[in-house]
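S.K.: For reference, the sequence and a predicted model appear below.
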Amino acid sequence: MELTHRTLDTGDIRMHVAEQGEGRPVIFCHGFPHTWYVWHKQVAAVAAAGYRALAPDLRGYGRTDVPENVEAYTNEAVIGDLLALLDDIGESKAVFVGLDFGAQLVWELSLRHPERVAGVVVLNNPFAPRPPRAPSAFWTKAAERHFLHLSYFQEPGVADAELAARPREFLARVYYSLSGDYHYLDTWKNPPGIGYLEALPQAPALPWPWLTEADFDTLAQDFERTGFTGGLNWYRNLDRNWELTAAYADAKVEVPTFFLYGENDPDMEGFSGRDPLATLRANVVDLRQVIEVPSAGHLVQLERPEVVSTFITTAVKSLGLGA
């Protein structure tokens, strides 16, 4: 039951997939700036529990293709990659696990193709209904008052060059800032007109209690090779994703759902003016479990790997899919 790697032709791109175990499939979807490797401990745990764990490098990341066209990075396009993976392994449905952009992807997949979803396990990014205006309408004015990465990332080439010039420094700073050891929204206290590295805090020297030097090297090596443009292009499609989901404006998530969040995760602070958990509960019909992980932040699967692995395997078993 060793971890293996292969490359899948989705019909649109070539996608790298790490997989381990046998049984019903559980597919892991990462965020920015991550690769499949952020899930490596959960992949091993799910495989040991009797399931087939699959963790792709999503398009633009790691060993997967990096399309040049910015419009190639919509959720709709990446969902096509995931469905191609399901078809490739001969399965009608899977449990999908997501964090960050991977969470947004899993939520939209559940709306577009619920028949292919046995259940979802989402970390830190609660479902919220489609807003009445495009996302940029909300962040543009805020970016006039303070630094906001959502706005800074929009101009092609700018953040790409800054982050690619110092990839290890950027990754250390952003991972630390998103962890439970820092308050990420403090980056918003910086003035507009600066770069992301200037807005992010200095990171302590590795190793950290939850990130070894070896694990950091594995993550950093991919970005040293590829740069960050593929991941940044996901941000450049936020408005386009909004346009492409008009048909789901009033839709609720109906697939079995399990939600885990870190106590110190910035997405749970309700800075949009809504109570994240109340919104989640109002819009997810079959919400089966919600748990908080004390002191953890956005990278909860790295910060508290045992807690997250147990949560995922217990959720998958509760669905009665067999192993």
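M.R.: Everything's here; your move. Remember, it's a predicted structure, so these values are computed and weren't measured experimentally.

S.K.: So which bits of stretch 196-212 are buried?
M.R.: Neighbour-count burial for stretch 196-212 flags 196, 199-200, 203, 206, 208, 210-211 (criterion: 16 or more other Cβ atoms under 10 Å). Where you see a C-beta, it was placed from the backbone N, CA and C, and this is true even at glycine.

S.K.: roughly how far is it from the heart of the chain?
M.R.: Here stretch 196-212 is found 19 Å from its chain centre; the criterion is Cα atoms, centre = their mean, to the nearest Å.

S.K.: got the contact list for that stretch?
M.R.: With Cβ atoms under 8 Å, 6 or more residues apart in numbering as the test, stretch 196-212 has contacts from 147, 149, 152, 159, 162-163, 166, 169-170, 172-177, 179, 181-182, 186-187, 190, 213, 216, 299, 302-305.

S.K.: ok, 6 Å please
M.R.: Residues from elsewhere that reach stretch 196-212 (Cβ atoms under 6 Å, 6 or more residues apart in numbering): 147, 149, 172-174, 176-177, 182, 187, 190, 213, 216, 302-303.

S.K.: what's the answer for stretch 285-299, then?
M.R.: Stretch 285-299 is contacted by residues 124, 178-180, 252, 254, 256-265, 300, 303-304, 307 when judged by Cβ under 6 Å, 6+ apart.

S.K.: In strands only, show me these.
M.R.: Residues of the contacts of stretch 285-299 located in strands (DSSP state E): 257-262.

S.K.: Kindly reformat these as JSON lines containing distance to residue 4, pLDDT and neighbour count.
M.R.: Converted to JSON lines, the ones in strands among the contacts of stretch 285-299 look like this (distance: Cβ to Cβ, whole Å; pLDDT from 0 to 100; neighbours: other Cβ atoms under 10 Å):
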{"residue": "257", "distance to residue 4": "29", "pLDDT": "98", "neighbour count": "24"}
{"residue": "258", "distance to residue 4": "27", "pLDDT": "98", "neighbour count": "24"}
{"residue": "259", "distance to residue 4": "30", "pLDDT": "98", "neighbour count": "26"}
{"residue": "260", "distance to residue 4": "27", "pLDDT": "98", "neighbour count": "24"}
{"residue": "261", "distance to residue 4": "31", "pLDDT": "97", "neighbour count": "24"}
{"residue": "262", "distance to residue 4": "31", "pLDDT": "96", "neighbour count": "27"}
